[in-house]
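Chemist: Next one to model:
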Amino acid sequence: MSARRTVVAIGLLAALIAVACLRAESKIVSHPAVPHPQPGCAYAIQLCEGSACLIPHSDFRIPHLTAPPRSPRGRGEDAVLGSFDLALDAGGECELIVASLGDASQTFHVELEARRRPRVESFPAVAVAPLSVSADVERIEAPSPLSPLPRGGEGDGTKGGLLARAATRTRHQATDSHSAFRTPNSALHPTPPGPPLRRGGRYFRGPSVVESHPHLPLAGASRWSSPGHPASQHSTFNVQRSTFDVSSIATIGTSSADLVPPNPKPQLAPRRFFLHVSAGPLEDACGHVPIMARPAGEGRLVRIYVDAEVAAADLAPGLVAETIRLLDDEIIPRSRELLGEHADVDGDGKLAVLLTPWLGKLRGGKTSLNGCVRANDFQAGIEAPFSNSADLVYLNSHLTCGPALKTLLAHEYTHAVCFSRRFARAAGALPVEDDWLNEAMAHVAENLHETGWSNLAERIESFLAAPHTAPLVVPDYYRAGLWRDPACRGATFLFLRFCVDQFGDRLLGKLAGSPLTGPRNLEQATGVPFPELVRHWTIALANDRIASLPLSSKLGDRQLQGMRRIDWKVDGAPCAVDLRGTSASLVRLSAASPGPVRVTLRSAASAKLQVTLIRR
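Modeler: Predicted coordinates:
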């Protein structure tokens, strides 16, 4: 009897256990379904701690100034940053945008691995909402035209009103591209006695001349100490101004069409400019040539000077008159609407434009430029020959008339306005803007001037063909080895062009006059966290259309093919992508048969991955 009772009890217990298991299983099955991505929508994948999508925007820093977070776990430096389940079917297409917000000077290895799953259990993602403009975005008004330059003792609180920066940039136009760079910060010598460096040594107060770099044809302002002297010694030197016999200068021939003399005016005297042309150090005054030039024509806002060594026959027909017309009637009026106007640094009421053949033989004849604007010329307290203390644009005298001339003038004049708004201010100079954003503003401005695509089509095509190699946020192009890199220029143009499409043309003026720089500048001007701007930009790229520019169409003489896709068959080997910091790659998923898969991402936590899923 007791044995029978024991058997019955065991049977009942087994039945209870079976019922409990069935109930537990039924509870799992009846659990609310995991959200399924809808066609035509984009989803921000939430990765583990250390990934970009979980970094608050207030913690975002310029990549090269950011200490990389510790890897959460994993083999060596690479770690599993996150995973998610996805149901692949024959009727839909899924694409992953894998972007990095890490250091632009580094390349990060990213690996995606897929495994089949019985069902979708985890989809840690949120739908990406449309961009919205915050009502409390700070408004930065455009400056008044021809704002005065600060005089001695005004604004910056130093003797003589001097405000110089270490590593100031020079903007210039190369024969094959618009490009710019600055003296690397790493080349700076120890700070001489005086007021301390500000914001990491990016600029400081005190007397200043040009910082040297053996490979830079032009340079911005910074202090100088002789490389041959010990670091404890800070040498300064005086540049003796040379005198010239004006009567010995050849007369520049000009046609009546090149002059603008509706009313008789006193004849203007020739003018002397300085330009660094040698391959030697920039602090060497002997490397600067004096260029004597006389006025060849002027308009309402512009005065053209031509190198005295250039004969009339050496100038392209109508070049002077066309340069005046473009600046007076098109570029400067349009720039007032977009950015503001250049500062009248020398107080003569005219923008000076110097045509000289020296731009074709810089660095001892090794470098040729079509045009440039030097930051030194717009700053107070820098003496000749290191600055001309003038609102000045340099042009190669070998230029010809045509659409490319307007593109060049629009690009370089934008740099002149940006330098004016940052340096030629009564309240004191602002910090130097990052290279990538400065060039982005110049490229977008030339595009808004409707100058055509001759200077942008190749760069856009280069970026779309290899987006993972083109970092976006590069504070110093030359130091990063990306000077004149077409893909980087394509990236920065498309990014800011996207932002202007979203927030309007006035965005450029806000950026140019802001006391902030780089990503912080964009965050203040748009009211949107920088990582969110990057995410929406990459989604637009994946959809093959920036609002004002289809990316799968003919552009100038180039046929764009859209952003390059990496095809990944999830049933095969893992997908490996090498990403430069602040670049992105687009991965298209496909499967041999429909069904759920779990996608796992591995990379260094310092890559700060940002992953977005798009369901087609």
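
Chemist: Okay, now the sheet partners of the host helix or strand of Phe108, with direction.
Modeler: Here Phe108, judged by DSSP states H and E, is contained in strand 107-116. Taking DSSP bridges as the criterion, strand 107-116 sits next to strand 575-580 (antiparallel), strand 595-604 (antiparallel) in its sheet.

Chemist: Thr6: which of these is closest?
Modeler: strand 595-604 (45.6 Å; C-beta to C-beta). Glycine gets a C-beta too; all of them are placed from N, C-alpha and C.

Chemist: The strands paired with strand 107-116: which one's closest to Val534?
Modeler: strand 575-580 (12.8 Å).

Chemist: what packs against the next helix or strand after that closest one?
Modeler: Next helix or strand after strand 575-580 toward the C-terminus (DSSP H and E): strand 584-590. Using 3 or more C-beta pairs under 8 Å, 6 or more residues apart in numbering; DSSP states H and E as the contact test, the elements touching strand 584-590 are strand 78-88, strand 94-100, strand 107-116, helix 530-542, strand 565-569, strand 575-580.

Chemist: tell me the most buried of the ones you listed?
Modeler: Most buried of the helices and strands packed on strand 584-590, by mean neighbour count (mean count of other C-beta atoms under 10 Å): strand 94-100, with a mean of 25.

Chemist: Residues touching that one, excluding its own?
Modeler: 37, 52, 86, 88, 108, 110, 112, 534-535, 538-539, 541-542, 565, 577, 579-589, 599, 601, 607-616 (C-beta atoms under 8 Å, 6 or more residues apart in numbering).

Chemist: Next, the angle from it to strand 565-569.
Modeler: Relative orientation of strand 94-100 and strand 565-569, computed by axes from the mean of the first three to the mean of the last three C-alpha atoms, to 10 degrees: 120 degrees.

Chemist: TSV please, covering the helices and strands packed on strand 584-590 and showing mean pLDDT and distance to Glu461.
Modeler: TSV is the format used below for these (pLDDT from 0 to 100; distance: least, C-beta to C-beta, whole Å):
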stretch	mean pLDDT	distance to Glu461
strand 78-88	86	32
strand 94-100	96	20
strand 107-116	96	22
helix 530-542	97	13
strand 565-569	95	16
strand 575-580	96	18
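
Chemist: among those, which is nearest Pro290?
Modeler: strand 575-580 (43.0 Å).

Chemist: quick one: contacts of that closest one?
Modeler: So strand 575-580 is contacted by 98-100, 104, 106-113, 468-471, 566, 568, 585, 587, 607 (C-beta under 8 Å, 6+ apart).

Chemist: C-alpha coordinates for that strand, PDB please?
Modeler: Listed next in PDB are the C-alpha coordinates belonging to strand 575-580 (Å, rounded to 0.1, in the frame of the first residue of the first chain):
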ATOM      1  CA  CYS A 575      32.000  40.500 -42.800                       C
ATOM      2  CA  ALA A 576      35.200  42.500 -42.000                       C
ATOM      3  CA  VAL A 577      35.300  46.300 -42.500                       C
ATOM      4  CA  ASP A 578      38.200  48.600 -41.800                       C
ATOM      5  CA  LEU A 579      36.900  52.000 -40.800                       C
ATOM      6  CA  ARG A 580      38.800  55.200 -40.300                       C
END
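
Chemist: What angle do strand 584-590 and that strand make with each other?
Modeler: Going by the same axes, to 10 degrees, strand 575-580 makes 170 degrees with strand 584-590.

Chemist: who touches Gly595 in this structure?
Modeler: Gly595 neighbours (C-beta under 8 Å, 6+ apart): Ala87, Leu88, Arg116, Arg117.

Chemist: nearest to Ala384, of the residues you listed?
Modeler: Closest to Ala384, out of all of those and judged by C-beta to C-beta, is Leu88, at 68.2 Å.

Chemist: Test my guess that the closest one contacts Val570.
Modeler: Yes - look at Leu88 against Val570 with C-beta atoms under 8 Å: they come within range, at 7.0 Å.

Chemist: who does the residue nearest to His36 when sequence neighbours are not counted bridge with?
Modeler: Closest residue in space to His36, ignoring its immediate chain neighbours: Ala87 at 6.6 Å, by C-beta to C-beta, 6 or more residues apart in numbering. According to DSSP bridges, the partner residues bridging Ala87 are Pro596.
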